[in-house]
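A.B. asks: give me a 3D structure for the following:
(one chain, ligands or ions: 2)
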Amino acid sequence: MKITKQFRFEAAHRLPYHDGRCRREHGHSYLLELTFEGPVRAVDPNDPQSGFVVDFGRIKQIVQPELIDRYLDHHDLNQTVPEIPYTSAEHLAAWIVGWCMRHVDGQPGIGAARVHSARLWETISALAEADRNDAIALGYAPPTP
Ligand SMILES: Nc1nc2c(c(=O)[nH]1)N=C([C@H](O)[C@H](O)COP(=O)(O)OP(=O)(O)OP(=O)(O)O)CN2
Ligand SMILES: [Zn+2]
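C.D. replies: Ligands and ions are numbered 1, 2, ... in the order given. Down below sits the predicted model:
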């Protein structure tokens, strides 16, 4: 089953190769929808994770300080994420999935859940959605054997 946790952040960026106004420094109020997939845990009175794929709170505990606050919220994305060659919504979404593959998958409290995809809303009408294959294809995660 899949579960999704939302995060919001404000950030500046520019797309220097764009042929319109996005060449200039500007900002967005981004909405990130981060989806994880895994088995639903059995209901067990001794398991506080009963009936969950993974606790929404545990996802937030990792992602908010280590991804959103450190790299994204109130940052200039062209500066803070140097391994991204271009801060399009497509690259940002794929980088976020790659980051979660490296920093969330397998962490204590995450259990068997794995990041599935990221939907990154750049404006109220525009979003990019990336999955694990996109993260690998764009070089943000190592190929899986
Ligand atoms: N495929 C992509 N196209 C564009 C991206 C992108 O990341 N991927 N980024 C931009 C700009 O950074 C910015 O997001 C402008 O987007 P746009 O939807 O054109 O924004 P508007 O507010 O002008 O759009 P409305 O139609 O008024 O909602 C450009 N393209
Ligand atoms: Zn933009």
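A.B. asks: I96 in helix, strand or coil?
C.D. replies: helix (DSSP: H, G, I helix; E, B strand; the rest coil).
A.B. asks: and P145, what's its pLDDT?
C.D. replies: Turning to P145, the model gives it a pLDDT of 63.
A.B. asks: and if you look at L67?
C.D. replies: Reported pLDDT for L67: 98.
A.B. asks: show me where this structure dips below the pLDDT cut-off.
C.D. replies: 145 (pLDDT under 70).
A.B. asks: need the residues of it near ligand 1, please.
C.D. replies: L15, C22, S88, A89, E90, E122, T123, S125, A126 (CB under 6 Å from any ligand atom). C-beta coordinates here come from the backbone N, C-alpha and C atoms, glycine included.
A.B. asks: quick check: closest non-adjacent residue to the first one.
C.D. replies: In this case it means L15. Leaving out its chain neighbours, the residue that sits closest to L15 by CB to CB, 6 or more residues apart in numbering is C22, at 4.4 Å.
A.B. asks: surely that neighbour and R14 touch.
C.D. replies: Yes: using CB atoms under 8 Å, C22 is in contact with R14, at 7.0 Å.
A.B. asks: can you pull the phi/psi pair for the residue nearest to L15?
C.D. replies: Main-chain torsions, C22, degrees, to the nearest 10: phi -70, psi -10.
A.B. asks: same thing with A113?
C.D. replies: phi -70, psi 150.
A.B. asks: before we move on, what about A126?
C.D. replies: According to degrees, to the nearest 10, A126 has phi -140, psi 130.
A.B. asks: so how many other residues sit close to it?
C.D. replies: 10 (other CB atoms under 10 Å).
A.B. asks: contacting residues for the residue nearest to it when sequence neighbours are not counted?
C.D. replies: Distances taken as CB to CB, 6+ apart put A89 closest to A126, at 6.8 Å, once the chain neighbours are dropped. A89 is in contact with L120, E122, A126, L127, A128, counting by CB atoms under 8 Å, 6 or more residues apart in numbering.
A.B. asks: could you work out the most separated pair of the residues you listed?
C.D. replies: Every pair in the contacts of A89 was compared (CB to CB); the two farthest apart turn out to be L120 and A126, at 9.5 Å.
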